[in-house]
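Participant: Provided below are the primary sequence and the corresponding predicted coordinates.
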Amino acid sequence: MNHRIKAAPKGNKPVSIHRDSPVAPAWPSFQGNSQFVGTSPSGRVTVFVDSSLGQPALQNAQDLVNDADRVVAANDGIFGTTGGPVNVIVFALGGATDGTGGADHMGCDYTTGAAIEVCASFGNSDRVSALFEAELSECSMDGNLCGLSTGEALSRWCATLIGNNALADFSTAPQWLQDGEPDFVNQTDPTDQSADSTGCGMAFLSWLISQGYGLEKIAPTMVNLGDAGTLAQLYSSLTSDDAANAWPNFQNAIQALPNGVTNDDPFGGLAQPTQMAHLAPRTAELVGRVLAAIVADLSAGRQPEQIMANVRAAMLPVSSGKAPTVCSPKSKRLLPPGRQHRTTKSA
């Protein structure tokens, strides 16, 4: 289903800024004036913007406020968990205002990684939502897959699906093919900045998805496999086939492609009807908690403000009793191929 973000009609009033502005968090790199724009209806996403960028960036930020709950709900469905609250800043990452500056955050959880930076994309807010999902999905990895090629491929696939393929220019699989198809199925690359290892992961996940293993099956399995997991082990867990068959079967599938590898989804995984066809069990549980809270508050005759507060409380993560993997906070910068990784400071 297409969830394209449409520009506000010309007759609409200018975007309003709330007076009771929350304090902005410490961002990974942004040091300018963080202007509060709004909080999503669920209360889970608070959006700021670089005040120096004017109306186009402000529109990006307001569109993200309006789209954020769709993104977080879909992300919850993929991982089968309920994410925590996050803050997002829209600014000219790397000096870009077309989305190519990418996105950034620090740790792969909702404690150390909840301050997310996304590049402005003037006139194309779909890209801002996709960049947001790329970083949000890494927070849902709960400290696993941090800074690894497996985690990077998974986060980019989440952004591809939920962001309506708005980041097609971030494609890395063709580079992997051009460089001789190195095997990052049987080994995991300890970096999220290599086009070759990320590209291999993107093509491999495209192949799995085309065979009916949607991201709602792939993501929880990868998280459970953890940092030591490989794509070959993912294949074995999903298919019950020997992990040793993953690479040769994948290679045979690549050779059989009629048009080769020209993008990050060479097997047409996006077209599969199994993608997000059903709610994951934990997402269904979340829906039940929210509905129960609403019914109870309506029966008690509570005011709308109290009902909304209780709905927000119901959407907070429920402790699983399992200690999360420790994720060392550091930049998790998402960039398109060919752009250097550098820290950006905005005045």
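Facilitator: Cool, the structure landed.
Participant: every contact and neighbour count from this point should use C-alpha atoms.
Facilitator: Will do.
Participant: as a check, name the ranges of all helices in the chain.
Facilitator: According to DSSP state H, the chain carries its helices in the segments 55-79, 125-139, 149-162, 173-178, 195-210, 215-225, 231-239, 246-255, 281-299, 304-314.
Participant: got TSV for those, with distance to residue 39 and mean pLDDT too?
Facilitator: Converted to TSV, these look like this (distance: least, C-alpha to C-alpha, whole Å; pLDDT from 0 to 100):
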stretch	distance to residue 39	mean pLDDT
helix 55-79	6	97
helix 125-139	14	97
helix 149-162	20	97
helix 173-178	36	97
helix 195-210	32	98
helix 215-225	27	97
helix 231-239	37	98
helix 246-255	43	98
helix 281-299	18	56
helix 304-314	12	64
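Participant: okay, the ones you listed, which one's buried deepest?
Facilitator: Counting by mean count of other C-alpha atoms under 10 Å, helix 125-139 has the highest mean neighbour count of those, with a mean of 28.
Participant: for residue 187, the count of nearby residues, please.
Facilitator: 16 (other C-alpha atoms under 10 Å).
Participant: how about it: what's its closest non-neighbour residue?
Facilitator: Nearest residue to residue 187, sequence neighbours excluded (C-alpha to C-alpha, 6 or more residues apart in numbering): residue 230, at 5.9 Å.
Participant: list the contacts for that neighbour?
Facilitator: The contact partners of residue 230, by C-alpha atoms under 8 Å, 6 or more residues apart in numbering, come to 150, 185-188.
Participant: which two in those residues are spaced the farthest apart?
Facilitator: 150 and 186 (11.2 Å; C-alpha to C-alpha).
Participant: and for these two, which residues touch both?
Facilitator: Common neighbours of residue 150 and residue 186 (C-alpha under 8 Å, 6+ apart) are 230-231.
Participant: was I right about residue 57 contacting residue 120?
Facilitator: Yes: using C-alpha atoms under 8 Å, residue 57 is in contact with residue 120, at 5.9 Å.
Participant: tally of neighbours for residue 97?
Facilitator: Other residues close to residue 97 by other C-alpha under 10 Å number 21.
Participant: my bad, should have said residue 245
Facilitator: Residue 245: 12 surrounding residues under other C-alpha under 10 Å.
Participant: quick check: nearest residue in space to it, chain neighbours excluded?
Facilitator: residue 232 (7.9 Å).
Participant: from residue 186, how far out is that neighbour?
Facilitator: Using C-alpha to C-alpha, to the nearest Å, residue 232 is found at 5 Å from residue 186.
Participant: shared neighbours, those two?
Facilitator: Residues touching both residue 232 and residue 186 by C-alpha under 8 Å, 6+ apart: residue 247.
Participant: looking at the helices of the chain, spot the one closest to residue 269.
Facilitator: So among those, helix 195-210 is nearest, using C-alpha to C-alpha, at 4.6 Å.
Participant: for that closest one, what is the distance to the chain centroid?
Facilitator: Its chain's average C-alpha position is 16 Å from that of helix 195-210, according to C-alpha atoms, centre = their mean, to the nearest Å.
Participant: okay, now the domains of the chain?
Facilitator: 34-143, 168-271 (automatic domain parsing).
Participant: count of neighbours near residue 21?
Facilitator: 12.
Participant: tell me who's in contact with it.
Facilitator: So residue 21 contacts residue 36 (C-alpha under 8 Å, 6+ apart).
Participant: and it, what's its pLDDT?
Facilitator: What the model reports as pLDDT for residue 21 is 82.
Participant: repeat for residue 319
Facilitator: On the pLDDT scale, residue 319 gets 41.
Participant: could you do residue 324 as well?
Facilitator: 48.
Participant: just to revisit the earlier point, for residue 271, find the nearest of the helices of the chain.
Facilitator: helix 195-210 (8.2 Å).
Participant: report all helices and strands that that closest one contacts.
Facilitator: helix 149-162, helix 173-178, helix 231-239, helix 246-255 (3 or more C-alpha pairs under 8 Å, 6 or more residues apart in numbering; DSSP states H and E).
Participant: for the nearest residue to residue 172 once chain neighbours are set aside, what are its contacts?
Facilitator: In space, residue 172 comes closest to residue 199 once its chain neighbours are excluded; the distance is 4.3 Å by C-alpha to C-alpha, 6+ apart. Going by C-alpha under 8 Å, 6+ apart, residue 199 touches 153, 171-176, 264.
Participant: rebuild the helices and strands packed on helix 195-210 as a markdown table, extending it with distance to residue 130.
Facilitator: Below are the helices and strands packed on helix 195-210 laid out as a markdown table (distance: least, C-alpha to C-alpha, whole Å):
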| stretch | distance to residue 130 |
| --- | --- |
| helix 149-162 | 5 |
| helix 173-178 | 18 |
| helix 231-239 | 24 |
| helix 246-255 | 27 |
